[in-house]
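J.: What shape does this take:
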Amino acid sequence: MKRLIPLLLILSACSNPALAITLEWVEPKYRADGTPLYAPEEISGYRLYCGDLPYHLVPAGNAYTAHLSDILPSFGEYSCHLTAVDTEGLESQPSNTVTLVYNRTAPDAPATLTIVVN
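T.: Residues are numbered from 1 along each chain as shown. Have a look, this model is predicted:
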């Protein structure tokens, strides 16, 4: 029985929804039974799961960049993990879980206001 092994997921993000997040991971080199897996040839892509949301498709490779609003529908805190999907449609166990905080914070107040009378 072919099964894929879990992945290690690293997520870097910012709180500004106009900016991007980058997912990075180590591609699996073996299946769960220990047989070699030839990535990327045998990996069709990845599935990113965040909270209770439907998964977001991620192309094959070992990194992915997207805007937060393309992945998450609303502000909040999400626990996310990644799975690998091979060319036969078999899905791996989940990677490690990372927390993504998607929020909007108002800017600091303007400073040093002056009025000049002419």
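J.: mind listing what's buried in the lengthiest strand in the chain?
T.: Taking DSSP state E as the criterion, the chain has its longest strand at strand 76-86. Neighbour-count burial for strand 76-86 flags Y78, C80, H81, L82, T83, A84, V85, D86 (criterion: 16 or more other C-beta atoms under 10 Å). Every residue, glycine included, has its C-beta placed from N, CA and C.
J.: from those, which single one is nearest E27?
T.: Comparing those against E27 with C-beta to C-beta places A84 closest, at 7.5 Å.
J.: how much space between T65 and L37?
T.: 24 Å (C-beta to C-beta, to the nearest Å).
J.: and if you look at A63?
T.: Applying C-beta to C-beta, the value for A63 to L37 is 18 Å.
J.: where does L48 fall, helix, sheet strand or coil?
T.: Following DSSP: H, G, I helix; E, B strand; the rest coil, L48 is assigned to strand.
J.: Surely it and V85 touch.
T.: No. Judged on C-beta atoms under 8 Å, L48 makes no contact with V85 at a distance of 11.3 Å.
J.: quick revisit: can I get the buried residues of strand 76-86 in JSON lines including pLDDT?
T.: Output for the buried residues of strand 76-86, formatted as JSON lines (pLDDT from 0 to 100):
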{"residue": "Y78", "pLDDT": "88"}
{"residue": "C80", "pLDDT": "89"}
{"residue": "H81", "pLDDT": "91"}
{"residue": "L82", "pLDDT": "91"}
{"residue": "T83", "pLDDT": "92"}
{"residue": "A84", "pLDDT": "91"}
{"residue": "V85", "pLDDT": "92"}
{"residue": "D86", "pLDDT": "91"}
